[in-house]
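**Student:** Turn this into a model:
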Amino acid sequence: MTEHSANDAEAPLGGCPVMHGDGSELTRLYGPEAAIDPQGIYGRLRKEYGAVAPVLLEGDVRAWLVLGYRESRRVLDNPLQFSRDSRIWRDWKEGGVEETSPLIQMLGWRPDCVSQDGEPHRRLRRAVTDNLDTLAGRGIRRHVTHFANKQIDAFAGKGSADLVGEYAEYLPMLVLTRLFGLPAAGGRSLAVSCAQVIKGGPDALEHNERIMEILGGLAERKRAEPGPDFTTGLLAHAAGLDEGEILSHLRLVLITAHTTTSNLLARVLEMVLTDGSRLAGLVSGQRSVSEVVEEVMWNTPPLAVLPGRFATADLELGGTQIKEGDLLVLGLAAGNADPDIRPDSGVSVHGNQSHLAFSGGPHECPAQNIGQAIIETAVDVLLHRLPGLHLSVPADELTATASTWEARLDTLPVAFAPV
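**Tutor:** Model prediction:
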């Protein structure tokens, strides 16, 4: 710990108020400053508090932000100490968080594998992973190629495009509609709703309800007309998921798979197009997209902050005293940049897959291979379809906007020879 210890606060995190030792307010992970410079906030918090810092989430809900790499690993690997079950969250139990809070879309308990630990988690996760493994062998790259070409056809004749708004923002959802058994026509509006749920804000609840309504209709159709898709696989799995479990897992996979993959695809394209040697290497076949993905996972992971874990007892983490029922959120981007494990961020991370981008422990992301297939194929198709592809603005003019949980590239303007 550095100048201000967590013990300097006037009350423990579950109490009220929670202030710095000098009487100033805690740092907010939302709002205008956080949207522009989240990395600057992480750096200041690390300097002031060390590996674990008290912060405020939307609605000024109190949480601990874990900034240290080793501390994040400890939390992820120890569900007995740091549970994913938000029913033990003290602020929630004591009525400090409204049911209509946008945080509930990310932190609230649901009958899905993310919200549970132990045997209930293993039973539900098995149903998800079994079906994802089956899908991974059913021509995902063919689906990506089909939808990528359709997206590119819409702008190939113009000689210019925004690769965020016209490509990366919607492509993963179009692929997921095929894998889920949904009509592709609704893919764009579903992508918007998923983004709003992650972003939070006053519309998050409305968009979540819309997603659940669509998924409820999908499950009903697939009971009557089974198919070779993820939805049918969940309905028929030996784990015997009930209605609530089915819908919760459809929601979980749809939202997380789309939002993280679309964000990661945009960041990979940004890295490729702002480095001429990487672009030339990919076009010539001397470099692979997976190498670029690895770098992005370290430097700008698709989820910058992972929600959330809840302390099952009073304990110490990174020199900070955590109280039973406290909420912890994991700074994946901050942990990847932790100077204790990565003192020189300029050193190559090629071949090093120990980043935090996929989370870790029992709740590690189960759809890594599918996301990788979507990104690799999407980049390959784009580079081969558009000759002379290059950024149409200086790289330092590219901007990103952050919410509590992620930082998304705003636009990626490019030019190329019209096809």
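
**Student:** from here on, contacts and neighbour counts on C-alpha atoms
**Tutor:** OK.

**Student:** mind checking how far G40 is from P413?
**Tutor:** Per C-alpha to C-alpha, to the nearest Å, G40 is found 26 Å from P413.

**Student:** So which of these two has more stuff around it?
**Tutor:** P413 (19 against 12; other C-alpha atoms under 10 Å).

**Student:** ok, what's across the strand from that one?
**Tutor:** D162 (DSSP bridges).

**Student:** That one and E166 touch, don't they?
**Tutor:** No. Counting by C-alpha atoms under 8 Å, E166 is not a contact partner of P413; they are 10.0 Å apart.

**Student:** Tell me which residue is most central in the chain.
**Tutor:** L303 (3.4 Å; C-alpha atoms, centre = their mean).

**Student:** Would you check that that residue makes contact with A334?
**Tutor:** No. The criterion here is C-alpha under 8 Å, and L303 misses it with A334 at 11.0 Å.

**Student:** Point out where the protein drops to low pLDDT.
**Tutor:** Within the chain, the stretches with pLDDT under 70 are 1-24, 137, 346.

**Student:** which residues in it form strands?
**Tutor:** Using DSSP state E, the strands of the chain run over residues 27-28, 52-57, 61-66, 82-83, 160-162, 305-311, 315-317, 320-322, 327-331, 390-391, 400-402, 407-409, 413-415.

**Student:** Render the CA-only coordinates of the third one in PDB, please.
**Tutor:** Written as PDB, here are the backbone C-alpha positions of strand 61-66 (Å, rounded to 0.1, in the frame of the first residue of the first chain):
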ATOM      1  CA  VAL A  61     -22.300   1.700  -5.500                       C
ATOM      2  CA  ARG A  62     -19.100   0.700  -3.600                       C
ATOM      3  CA  ALA A  63     -16.700  -1.900  -4.900                       C
ATOM      4  CA  TRP A  64     -13.000  -2.900  -4.700                       C
ATOM      5  CA  LEU A  65     -11.100  -2.700  -8.000                       C
ATOM      6  CA  VAL A  66      -8.400  -5.300  -8.200                       C
END
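
**Student:** in its sheet, what does that strand sit against?
**Tutor:** Take DSSP bridges as the rule and strand 61-66 pairs in its sheet with strand 52-57 (antiparallel), strand 327-331 (parallel).

**Student:** quick one on the thing from earlier: let me know which of the strands of the chain is tucked in deepest.
**Tutor:** Of the strands of the chain, the one with the most neighbours on average (mean count of other C-alpha atoms under 10 Å) is strand 327-331, at a mean of 27.

**Student:** got the angle for it vs strand 305-311?
**Tutor:** 150 degrees (axes from the mean of the first three to the mean of the last three C-alpha atoms, to 10 degrees).

**Student:** How far away from the center of its chain is strand 327-331?
**Tutor:** 14 Å (C-alpha atoms, centre = their mean, to the nearest Å).

**Student:** got a list of contacts for that strand?
**Tutor:** 62-68, 72, 89, 304-311 (C-alpha atoms under 8 Å, 6 or more residues apart in numbering).

**Student:** and the gap between E98 and R28?
**Tutor:** Taken as C-alpha to C-alpha, the span from E98 to R28 is 18 Å.

**Student:** possible to save the strands of the chain as a markdown table with distance to R287?
**Tutor:** Converted to a markdown table, the strands of the chain look like this (distance: least, C-alpha to C-alpha, whole Å):
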| stretch | distance to R287 |
| --- | --- |
| strand 27-28 | 40 |
| strand 52-57 | 38 |
| strand 61-66 | 35 |
| strand 82-83 | 40 |
| strand 160-162 | 24 |
| strand 305-311 | 30 |
| strand 315-317 | 41 |
| strand 320-322 | 44 |
| strand 327-331 | 30 |
| strand 390-391 | 18 |
| strand 400-402 | 27 |
| strand 407-409 | 24 |
| strand 413-415 | 21 |
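
**Student:** Of all those, which one is nearest A280?
**Tutor:** strand 390-391 (11.0 Å; C-alpha to C-alpha).
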